[in-house]
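>>> Test case, fold it:
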Amino acid sequence: MTGEGLKKLQDELEHLKTVERKEVAEKIKVALSFGDLSENSEYDEAKNDQALLESRIAAIEAQLKNVRVLDESDMNAENVHVGSKVRIEDDKGKEFTYTISGATEADPFKGKISDESPVGKAIMGLSVGQVGEATLPNGTIVKYTVLEITR
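Below you'll find the predicted structure:
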């Protein structure tokens, strides 16, 4: 994971623990004031929200325990790896520019693809001029040529 991704995850965890927990606790408190819990849909919904929130907090905490932050000084521009910014071309001549990230940081709409995605897997480890082949979710096989690698 990149340092930026780590910070984003830590910020999300902090927000969930400080803001979201208080909001869910308040929902539960309000729902309890309605009385009979056996037919209190507001209470059920608030408890469900609490369970989802605690599940997300636990997942982030587990992820942070096992995180490995990439040292950008160790990265090179010789081969595609997590943290690389790559310009590639598909077999139809269309160019794409992506930053390769871990799965938790991926955001294709912002040009960040996971090293575990079909395209990411296809180009990982390649150098400029090499071709990787990806099978897209729709079953189409596409060849990608690495045009440029930067940090």
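
>>> Kindly state the domain boundaries assigned to the chain.
Domains of the chain are assigned by automatic domain parsing as 3-65, 73-150.

>>> now the shortest one: how far from the chain's centre is it?
It refers to domain 3-65. Averaged C-alpha coordinates place domain 3-65 at 20 Å from its chain's average position (CA atoms, centre = their mean, to the nearest Å).

>>> Quick one: end-to-end distance for it.
Terminal residues of domain 3-65 lie 15 Å apart, using CA to CA, to the nearest Å.

>>> Start at 650, not 1
Taking 650 as the first residue, the last one we looked at is domain 652-714.

>>> can you redo the domains of the chain as CSV with mean neighbour count?
C-betas here are computed from N, CA, C, even on glycine. What follows is the domains of the chain, written out as CSV (neighbours: other CB atoms under 10 Å):
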stretch, mean neighbour count
domain 652-714, 13
domain 722-799, 16
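
>>> Quick one: those as JSON lines, columns for mean pLDDT too.
Shown next, in JSON lines, are these (pLDDT from 0 to 100):
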{"stretch": "domain 652-714", "mean pLDDT": "89"}
{"stretch": "domain 722-799", "mean pLDDT": "90"}
